[in-house]
Structures are given as structure tokens and as C-alpha cells.
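Novice: sequence first, predicted model second:
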Amino acid sequence: MPRQDITKILIDWGTSSFRLWCLTASGEIAEENLSGQGMKFLDSNDYETILEAILSDYGVPLDVPVLICGMAGAKQGWKDAGYLDTPCTLNDIAHNACRVETQCERDVRILPGLAQRDTDRPDVMRGEETLLLGAALNEQNHSLYCLPGTHSKWVFLENGQVSAFSTFMTGELFELLSEHSTLKSVLAGEEANFDKQAFLSGLDAIFKAPDDLTQALFKLRASSLLWSSENSASRSSRLSGLLIGAEIASMHQKIDATVGLVANGVLGKMYMFAFDHLEITSDLIDSKHLALTGLSHAAQITWENNGTI
């Protein structure tokens, strides 16, 4: 039976994750779907099939519109939604949503990403800009945000504008090293168990000597061969400490205020441990709430501008 209570669909479609919310007219969450169906696992033809299968299960009518942020708008995603150049005000994102042609003729829009067209510091982001919009709406008035993930972002805001940002492949490097390098065999088995002491040990080592990263990585393999009593959980946690430490070391001289840490779960805890240990003041902000807030606001602007809902 069609769900008449659902008035819009909001989606954060990332590189490795998928988050969908069905909202009522009053902003209540009627249905929620979280999965690992991220862009890196999909072909361009998969997006509409996945979306409509989920919405069909929930009984969502075809006249209910959909707004998406994240990697679904990349060139290798569903449709290239383009980029807005920095410096850029956060509300500009919602004013430039790209419409996707669908077989079922549902109104689907994808928000653009942001581009830093600096020949010395070229950079791009998709999805994080919507989290920052949510942060601004929730009066999180930080001048610097850290958004950990597959590709961690450090973003500077000035007078409501994204003025500059830097990306680190921290999460992707952890996955590549633990699954596709010579470290695979020494890390396998207990990655889910976090060893704080090993994490901080790796953090300290690389923060003091960031140029030694590749040498420090091989030491993980060497230590496993020479001292087999160290378990894989400790080595996995040390790897996290090395990679996150290298990221923070690169940004450390630019931190002059409290960092807004947009994260949740184990990853958020690791960055909090790192910041506390290095005496960097930070505020932990739940990323799920910001995504929903930013998308809701962007949806209101998007469809008010186009004369529909």
C-alpha cells in the first residue's frame, strides 16, 4: 500500500556507504536504510535499481522526490553533478542541485561537490559539504573541521564560506595496506579489537617523525616476524595510529582553534583519542545528524526554487 505520509527521500551516497531517510512533511523519519552499497561497489546502471527496490519495499509513491549528496554525483557515479569552486557559501550547494533522468520519471536531484582549483593544492570533495551545511545550521561555529573517512577532509570556514580544504587518503590507505599489501597476513584476524596503547604508540612515533612513515609501516611486518607474541589487533591499531598521526602531523601547524570533529563510531573515538593525546582541543559532532540536517535544508531550497513541494 502506498505510503502517503512520506514526502521526500534524502540520501548520503558515499564511496563505501549508503544512508537513506524517508521523511514525513513534519520532518519525522518514517524509514531509514543504512548499508554498504557505496559507489565503489556499483556500476552507473545500479543506482536507480537499488533506489527503487528500497523505495518499493517501503511503499514510497513515484511522485515523492529524492535528494542525494556524495559520490553518486561523481563522474564514476550515477551522474556527474559537477563542482562549485571555492571559496563558496554553503547555501550555494542547494541552489545548484543537478537533476537525474530516471526510467521511472521520479524527481531525483544530486547536490554538487566543491573544487579547490589551486594548481599547488588541487582538491575536491563530495558529501562533506552537506555535512558542513548541517553543522552551520546547528550553529557549530568552528573555523576548522576534520571529517574522517575513506578520504579524510580538513576544511576551513571563513564568514560562512568554505575557504580552503585538504584531503588525506587515510581510510583508503588503511584498507589497501591491510587487505592488499604484505601487511595483510600480519593484520588479519582481530582488526575489530581496538588496542588503545598500540594506537597511541603508533601515533606518537609518526607524529615525532612523519617523514618515516613508509619505514614505520614495514616495521609492522618485521615485528610480527621477530616477536610473534604481539597480536594482530595491536598491529592493526598501531597501523591506524601511524596513518592518523601522519594526517594530523601534516595539519598540526594550521590548527589555531578548536577543531570540529565530524565523526561517529570507532573512527570518531580514535580521532578523539589522538586529539586528546596531542593536546588538540576538539568537539565531537555526530555526522549522521549533520547529514540529515544539511540534506533537509538543501531539499527545502531545491524544491522551493523549482515550484514543486
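Specialist: The structure has been received and is ready for your questions. Residues are numbered from 1 along each chain as shown.
Novice: what about the helices in the stretch 51-200 of the chain?
Specialist: Counting by DSSP state H, counting those that start in this stretch, the stretch 51-200 of the chain has helices at residues 91-94, 128-137, 170-180, 184-187, 196-208.
Novice: quick one: average confidence on stretch 172-179?
Specialist: What stretch 172-179 shows for mean pLDDT is 94.
Novice: okay, the helices of the stretch 51-200 of the chain, which one's buried deepest?
Specialist: Highest mean neighbour count among these (mean count of other Cβ atoms under 10 Å): helix 128-137, with a mean of 25. C-beta: built from backbone N, CA, C; applies to glycine.
Novice: now for that one, which elements pack on it?
Specialist: In terms of contacts (3 or more Cβ pairs under 8 Å, 6 or more residues apart in numbering; DSSP states H and E), helix 128-137 is packed against strand 66-70, helix 91-94, strand 144-147, strand 152-158, strand 259-262, helix 287-305.
Novice: want to try TSV for those, with distance to S44 and mean pLDDT as columns?
Specialist: Output for the helices and strands packed on helix 128-137, formatted as TSV (distance: least, Cβ to Cβ, whole Å; pLDDT from 0 to 100):
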stretch	distance to S44	mean pLDDT
strand 66-70	14	97
helix 91-94	22	91
strand 144-147	26	97
strand 152-158	25	95
strand 259-262	29	96
helix 287-305	22	88
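Novice: compare those and give me the one nearest A222.
Specialist: Each of the helices and strands packed on helix 128-137 has some distance to A222 by Cβ to Cβ; the shortest is strand 152-158, at 27.3 Å.
Novice: what angle do the closest one and helix 170-180 make?
Specialist: On the basis of axes from the mean of the first three to the mean of the last three Cα atoms, to 10 degrees, strand 152-158 is oriented at 180 degrees to helix 170-180.
Novice: list the strands paired with strand 152-158, with their directions.
Specialist: Strand 152-158 pairs in its sheet with strand 144-147 (antiparallel), strand 161-168 (antiparallel), by DSSP bridges.
Novice: show me the contacts for L42.
Specialist: Contacts for L42 (Cβ atoms under 8 Å, 6 or more residues apart in numbering) come out as I50, G77.
Novice: could you list the domains of the protein?
Specialist: For the chain, automatic domain parsing gives the domain ranges 6-138+293-305, 168-287.
Novice: so which of those domains is nearest E158?
Specialist: When the domains of the chain are compared by Cβ to Cβ, domain 6-138+293-305 sits nearest E158, at 7.5 Å.
Novice: quick one: low-confidence ranges for the stretch 51-200 of the chain?
Specialist: The model of the stretch 51-200 of the chain has pLDDT under 70 over residues 189-192.
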